[in-house]
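Undergrad: Sharing a sequence plus its predicted fold:
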Amino acid sequence: MNSEKLTLPSPPRSGWQLPALVGLLALLWLLIWQQLQPLADWLTYSLIGLQPDTRLGESVNFFLYDVPKILLLLSGMIFLVTIVRSFFSPERTRAALGGRREGIGNVLAAGLGVLTPFCSCSAVPLFIGFVESGIPLGVTFSFLIATPVINEVALAMLFGLFGWQVAGLYLSTGLVIAIVGGIIIGRLRPERYVEDFVWQVQVGQQAGVTYKPTWDDRIREAGRSTKEIVGKVWPYVVIGIAIGAAIHGYVPEDFLAGIMGSDTWWSVPAAVLLGIPLYSNAAGVIPIVYALMEKGAALGTVLAFMMSVVALSLPEMLILKRVIKMRLIMIFIGIVALAIIFTGYLFNLVVG
Amino acid sequence: MLQIKVLGPGCANCKRLEQLTRQEVEKLGLAADIEKVTDYGQIMAYGVMSTPGLVINSQVVSYGRIPTNQEIVNWLNAAQSQAELP
């Protein structure tokens, strides 16, 4: 190591221009938000000239209302989440989790899993870093479950289409699954399944730089990630809402009550299985599911399906194969899947 | 000669950081050896837990994010002027 430290130039202070721009955009956002329904009505019934109360009219109106609404919500949500996350880091999370007991540690890990900015390719270094600093494996798994289960894209879309109650249910059951899943894994003596080299990795001194972003940095980063994520998911949103709109207009009421209703016992596990190959496509799946729910699908089944779509993403789980044995990955997947199925039944029982 | 290492298993962010660094090194016309480090053990040896990380002359200057072009230029210049000291 070099004994002399690089003297790093200090960053410039934030000006007022960027925050002012954000304020202006927020105002514009609110303005459009309030005019969404009149705008969609005007477009459908005046500009295109369709009749209300016709199938085509209803479908087109659904589409023209929901596409801008969801895109607005997604942009706002991702921007806000990125700003909040800029106050957290994996390093700080590790420090906060160090020396915690099981239980309280799991709760904290699940919460921090939602708030810590984290890219799935960091999963392995993060795992090693957590293990090395003595954080119990069960607590580490609470973190690793919470990160994908609670997905900001899914949260924004649930909020936009189903309202805050369902979004809140999704958030809280996701946290419970992460906490309980981590505690169960912690009880299974998971140390057996950790690859030997992990225990031998020599972790260097914590890298010396502490990055203290200015508000300008946080805003720029939030703008960048909003552009990136919305740029990636918008086609799925549009296609999903188009399919949803067609279902909304053309599928008869209660059509699905028989197969996706709360009285059909096998619909929840079937929904979870179906969700696995659809990973990372929450953006396209949620509008379809919303339309299905209008036609008699049960809330628990729908929630289970969505959680399975976002949480059970095999490629991301298999990254962990570098550090844990296949056995533990299977246990990990199994526990999360069971927890989701359980959640689905619970909601069907309570709500349905 | 600057020794530059980009730490990361090969995700999109790591590739972007490597590309950015190469670009700025070239623009400044510096002599530098840029190496991509993908081995987890080596990455961890720098104490870096969140990728991508950037190491200039064995010092970690950034990790867990993609720095701006200006930041990279500043670090490169700082390292270069330090190397030129007698």
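TA: Looks like it arrived, so ask away.

Undergrad: Just want the most central residue of chain A.
TA: With distances taken as C-alpha atoms, centre = their mean, the residue of chain A nearest its centroid is residue A:151 (0.4 Å).

Undergrad: ok, which stretches of the stretch 251-352 of chain A are helices?
TA: For the stretch 251-352 of chain A, applying DSSP state H, counting those that start in this stretch gives helices covering A:257-260, A:267-275, A:282-294, A:299-311, A:314-318, A:326-350.

Undergrad: between the ones you listed, which gets nearest to residue A:219?
TA: helix A:282-294 (24.1 Å; C-beta to C-beta). Yep, even glycine has a C-beta here, placed from its N, CA and C like the rest.

Undergrad: Which elements pack onto the closest one?
TA: Counting contacts by 3 or more C-beta pairs under 8 Å, 6 or more residues apart in numbering or on different chains; DSSP states H and E, helix A:282-294 packs against helix A:55-85, helix A:152-162, helix A:215-250, helix A:299-311.

Undergrad: what's the closest of these to chain B?
TA: Taking C-beta to the nearest C-beta, helix A:215-250 is the member of those nearest to chain B, at 7.5 Å.

Undergrad: if we can go back for a sec, most tightly packed of the helices and strands packed on helix A:282-294?
TA: helix A:299-311 (a mean of 27; mean count of other C-beta atoms under 10 Å in any protein chain shown).

Undergrad: May I have it as PDB, with CA atoms only?
TA: Provided in PDB are the C-alpha atoms of helix A:299-311 (Å, rounded to 0.1, in the frame of the first residue of the first chain):
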ATOM      1  CA  LEU A 299     -56.400 -10.500  -3.600                       C
ATOM      2  CA  GLY A 300     -54.200 -13.100  -1.900                       C
ATOM      3  CA  THR A 301     -53.700 -15.000  -5.100                       C
ATOM      4  CA  VAL A 302     -52.700 -11.800  -6.900                       C
ATOM      5  CA  LEU A 303     -50.300 -10.700  -4.100                       C
ATOM      6  CA  ALA A 304     -48.700 -14.100  -4.100                       C
ATOM      7  CA  PHE A 305     -48.200 -13.900  -7.800                       C
ATOM      8  CA  MET A 306     -46.600 -10.500  -7.700                       C
ATOM      9  CA  MET A 307     -44.300 -11.400  -4.900                       C
ATOM     10  CA  SER A 308     -43.200 -14.500  -6.700                       C
ATOM     11  CA  VAL A 309     -42.500 -12.400  -9.900                       C
ATOM     12  CA  VAL A 310     -40.200  -9.900  -8.100                       C
ATOM     13  CA  ALA A 311     -38.700 -12.100  -5.300                       C
END
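
Undergrad: That one versus helix A:152-162: what angle between them?
TA: Relative orientation of helix A:299-311 and helix A:152-162, computed by axes from the mean of the first three to the mean of the last three C-alpha atoms, to 10 degrees: 150 degrees.

Undergrad: Just list the residues touching whatever residue of chain B ends up closest to chain A, thanks.
TA: In chain B, the residue that lies nearest chain A is residue B:11 (3.2 Å; C-beta to the nearest C-beta). Listed by C-beta atoms under 8 Å, 6 or more residues apart in numbering or on different chains, the contact partners of residue B:11 are A:119-121, B:51-52.

Undergrad: Looking at the stretch 251-352 of chain A, which residue is nearest chain B?
TA: Closest point on the stretch 251-352 of chain A to chain B, by C-beta to the nearest C-beta, is residue A:322, at 6.8 Å.

Undergrad: State whether that residue and residue B:40 are indeed in contact, as I suppose.
TA: Yes. Assessed by C-beta atoms under 8 Å, residue A:322 is found in contact with residue B:40 at 6.8 Å.

Undergrad: Which neighbours do these two have in common?
TA: residue A:124.

Undergrad: And the strands in chain B, which stretches?
TA: Here chain B has its strands, by DSSP state E, at B:2-7, B:32-37, B:53-56, B:59-63.

Undergrad: and the third one, which strands flank it?
TA: Spelled out, it's strand B:53-56. strand B:2-7 (antiparallel), strand B:59-63 (antiparallel) (DSSP bridges).

Undergrad: Lowest average pLDDT across those?
TA: Note on the strands paired with strand B:53-56: lowest mean pLDDT is at strand B:59-63, with a mean of 86.

Undergrad: what distance separates it from the centre of its chain?
TA: 7 Å (C-alpha atoms, centre = their mean, to the nearest Å).

Undergrad: if we can go back for a sec, just the helices of the stretch 251-352 of chain A: most buried one?
TA: Mean neighbours per residue, mean count of other C-beta under 10 Å, is largest over these for helix A:299-311, with a mean of 27.

Undergrad: which residues of the stretch 1-150 of chain A score low on pLDDT?
TA: A:1-14 (pLDDT under 70).

Undergrad: now chain B
TA: In chain B, residues with pLDDT under 70: B:86.

Undergrad: What is the burial count for the closest residue in space to residue A:137 that isn't next to it in sequence?
TA: Spatial nearest neighbour of residue A:137, excluding adjacent residues (C-beta to C-beta, 6 or more residues apart in numbering or on different chains): residue A:190 at 4.5 Å. Other residues lying near residue A:190 total 20 when counted by other C-beta atoms under 10 Å in any protein chain shown.

Undergrad: which residues sit in contact with residue A:190?
TA: Residue A:190 touches A:137-138, A:141, A:324, A:328, A:331, counting by C-beta under 8 Å, 6+ apart.

Undergrad: ok, now with 10 Å
TA: By C-beta atoms under 10 Å, 6 or more residues apart in numbering or on different chains, the contact set of residue A:190 is A:136-138, A:140-141, A:324-325, A:327-328, A:331-332.

Undergrad: Could you count how many residues lie near the closest residue to chain B within the stretch 1-150 of chain A?
TA: Closest contact between the stretch 1-150 of chain A and chain B, by C-beta to the nearest C-beta, is at residue A:121 (3.2 Å). Other residues near residue A:121 come to 20 when the count uses other C-beta under 10 Å.
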